[in-house]
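J.: below: sequence and its predicted model.
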Amino acid sequence: MICRAQSRIFLSSLYMGTGTEELFSSLRDALARNNSLEVRIHLDLLRSTRPGDLTSVRTLAALSRDFPGRARVFLFKSPKLKGPLAKIVPRRFDEGWGTWHSKIYGVDDEVLLSGANLSTSYFSDRQDRYIHIGGARSLAQYCLAFLRVFELFSFVLRPSPVSDGYETAWVHHTSHPQSFESALRTALLELQASQRQGINRDDQVADTLLVPAVQCGYLGIRHEEELMDALFHHVGATNSDVDLTSGYFGLYRPYQDLIVRSPSNCRIVAASPLANGFYGSAGISGHIPDGYTLLEQRFWSRVQQAGRAWTDGNGVRLSEWGRPGWTYHAKGLWLSPKTAETPNTTVFGSTNLSSRSANLDTELSFALLTANDNLRQQLRTELDAIREYSDDVDERTWSTPSRRVRFTTRLLVALLQNML
């Protein structure tokens with residue numbers, strides 16, 4: 001995509017990690033080749049500047065130095081962590097108060113929407129979802145407008161004037177880095193109001209519609225929740241089947257309610273502990289896979305109490321994804337009419353459908369509704385590929401010694417559940 005860029009490149013991710021040298025090289029070559037090309041990159045400030053390997057952020061600062069005015073990097077910091085608290089929370093844990101989590105990768109009028117970040121594992125051995133849409137000027141314009149809103153409330157990454165490092169600067173005279181919530185909320189609501197009818201393809205093909213959903217719980221903007229409510233209402237009225245997945249299955253309580261109370265079948269895929277990206281981590285992070293096991297158990301107890309456990313091909317079915325050497329990061333939802341074998345609706349984007357996604361992070365997701373047979377078959381193929389590595393789990397799975405949750409993990413979940 002980058003090699004095809006004529007006028008603009010816009011990239012949004014939680015961070016740019018290791019193994020991105022080829023990406024940096026491609027961006028530099030594209031800028032050197034085309035003097036009219038502009039590059040915008042949006043990342044999370046705290047995640048991108050976490051102590052340790054700062055090669056990526058230094059490389060980005062050098063890019064903005066070598067192509068002034070054409071390569072710009074914006075770093076968003078959640079307003080939830082501020083004041084004295086920001087000074088005492090260790091850097092390893094400050095992301096717990098919210099991150100910039102939106103994943104958008106655009107070049108000119110083509111857009112790649114995903115839940116994946118820009119790092120080695122996502123390019124090689126981490127399962128995620130990627131929706132590539134070409135010839136989509138209206139979608140590209142919307143994504144760029146969304147990013148431009150946040151530019152006014154983000155730090156700017158610049159090269160350090162006294163070293164080969166970097167600095168971050170707040171350059172906006174009309175706002176303050178610790179008190180911009182009201183202005184940001186107003187700007188986002190104005191943007192979303194302009195998209196009430198959804199986004200069509202530029203060729204005016206009426207068989208597919210995209211509906212953007214912004215979730216910024218810290219601003220009181222909960223469009224993803226409104227979307228999920230509407231979709232499950234539709235599911236109940238049409239008796240469609242639901243497929244749902246999340247690599248971090250700390251399912252938001254209102255979404256649990258929708259599933260438990262729905263009359264429709266719902267098949268869920270979560271990551272197995274070995275496929276969790278935190279498996280084998282040191283310190284507190286090492287408890288995270290077991291923490292999600294505990295949340296799975298609690299959800300399944302609710303399913304059983306509601307009499308919704310999978311029986312004779314009906315109810316709620318819970319599976320875990322596991323593939324040797326791989327981790328799992330896919331998330332989203334598919335709706336399939338009872339009368340068809342292919343989905344006609346999918347929700348995809350950055351949200352993990354968790355309490356954290358709903359309340360702390362900055363999320364951008366899309367609902368895609370289509371009557372296009374070819375596209376529906378592609379969605380079915382995607383879903384089948386996920387199911388291929390999934391095995392059913394229930395209370396018998398969690399009773400095995402390897403799945404028993406330690407007391408310390410239970411304590412940590414009690415303290416930090418809303419940050420998972």
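T.: The structure has been received and is ready for your questions. Numbering: from 1, shown residues only.
J.: now do the strands in the stretch 51-200 of the chain.
T.: Taking DSSP state E, counting those that start in this stretch, the strands of the stretch 51-200 of the chain run over residues 71-76, 104-107, 110-114, 126-127, 130-133, 155-159, 166-169, 199-200.
J.: make a markdown table from those and add distance to residue 46 to it.
T.: Placement of C-beta: from N, CA and C, glycine included. A markdown table is the format used below for the strands of the stretch 51-200 of the chain (distance: least, CB to CB, whole Å):
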| stretch | distance to residue 46 |
| --- | --- |
| strand 71-76 | 9 |
| strand 104-107 | 20 |
| strand 110-114 | 21 |
| strand 126-127 | 22 |
| strand 130-133 | 26 |
| strand 155-159 | 11 |
| strand 166-169 | 11 |
| strand 199-200 | 31 |
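J.: these: which one's closest to residue 307?
T.: strand 126-127 (32.2 Å; CB to CB).
J.: thinking again about what came up before, weakest of the strands of the stretch 51-200 of the chain in terms of mean pLDDT?
T.: Comparing mean pLDDT over the strands of the stretch 51-200 of the chain, the weakest stretch is strand 199-200, at a mean of 66.
J.: quick check: next helix or strand after that strand?
T.: strand 208-216 (DSSP states H and E).
J.: could I get the strands of the stretch 51-200 of the chain in CSV, plus columns for distance to residue 291 and mean neighbour count?
T.: Converted to CSV, the strands of the stretch 51-200 of the chain look like this (distance: least, CB to CB, whole Å; neighbours: other CB atoms under 10 Å):
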stretch, distance to residue 291, mean neighbour count
strand 71-76, 26, 23
strand 104-107, 29, 23
strand 110-114, 25, 21
strand 126-127, 20, 20
strand 130-133, 28, 16
strand 155-159, 31, 19
strand 166-169, 32, 16
strand 199-200, 37, 18
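J.: for residue 95, which of those is the nearest?
T.: strand 71-76 (12.1 Å).
J.: state the number of residues packed around the residue lying closest to residue 149 once chain neighbours are set aside.
T.: Among residues not flanking residue 149 along the chain, residue 187 sits closest, at 4.8 Å (CB to CB, 6 or more residues apart in numbering). Neighbour count of residue 187, defined by other CB atoms under 10 Å: 17.
J.: closest one to residue 260 among the strands of the stretch 51-200 of the chain?
T.: strand 126-127 (26.8 Å).
J.: follow-up on the earlier one: the strands of the stretch 51-200 of the chain: which one's closest to residue 54?
T.: strand 166-169 (7.8 Å).
J.: neighbouring strands of that closest one in the sheet, and parallel or not?
T.: Here strand 166-169 is paired, per DSSP bridges, with strand 155-159 (antiparallel).
J.: hmm, who's touching the strand it pairs with?
T.: 45, 57, 60-62, 64-65, 72-77, 165-171, 177 (CB atoms under 8 Å, 6 or more residues apart in numbering).
J.: at which residues are the helices of the stretch 101-250 of the chain located?
T.: Ranges of helices within the stretch 101-250 of the chain are 120-124, 137-151, 181-193, 223-238, based on DSSP state H, counting those that start in this stretch.
J.: which of the residues in the first one are buried?
T.: If I follow you right, that is helix 120-124. Across helix 120-124, burial judged by 16 or more other CB atoms under 10 Å covers 121-122.
J.: for this structure, give me the ranges with low pLDDT.
T.: Along the chain, the parts satisfying pLDDT under 70 run over 197-198, 200-205.
J.: mind giving me the domain ranges of it?
T.: According to automatic domain parsing, the chain comprises the domains 2-193, 207-419.
J.: residue 171 versus residue 154, what's the distance?
T.: 10 Å (CB to CB, to the nearest Å).
J.: between the two, tell me which one has more neighbours.
T.: residue 154 (25 against 9).
J.: what pairs with the nearest residue to the more buried one once chain neighbours are set aside across the strands?
T.: Counting by CB to CB, 6+ apart, residue 74 is the residue found nearest to residue 154 once chain neighbours are left out, at 4.0 Å. Assessed by DSSP bridges, residue 74 has beta-bridge partners residue 42, residue 156.
J.: does residue 74 touch residue 45 like I think?
T.: No: judged on CB atoms under 8 Å, residue 74 makes no contact with residue 45 at a distance of 9.0 Å.
J.: as a markdown table, the helices of the stretch 101-250 of the chain with distance to residue 412 would be great.
T.: Output for these, formatted as a markdown table (distance: least, CB to CB, whole Å):
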| stretch | distance to residue 412 |
| --- | --- |
| helix 120-124 | 24 |
| helix 137-151 | 32 |
| helix 181-193 | 29 |
| helix 223-238 | 26 |
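J.: nearest to residue 256, out of the ones you listed?
T.: helix 223-238 (11.2 Å).
J.: buried residues in the closest one?
T.: Within helix 223-238, the residues that count as buried by 16+ other CB under 10 Å are 223-225, 227-228, 231-232, 235.
J.: what's the closest of these to residue 15?
T.: For those, the nearest to residue 15 is residue 224 (21.9 Å; CB to CB).
J.: so who does that closest one touch?
T.: Residues near residue 224 by CB under 8 Å, 6+ apart: 213-215, 351, 357-358, 363, 365.
J.: cutoff 7 Å now
T.: 213, 215, 351, 363, 365 (CB atoms under 7 Å, 6 or more residues apart in numbering).
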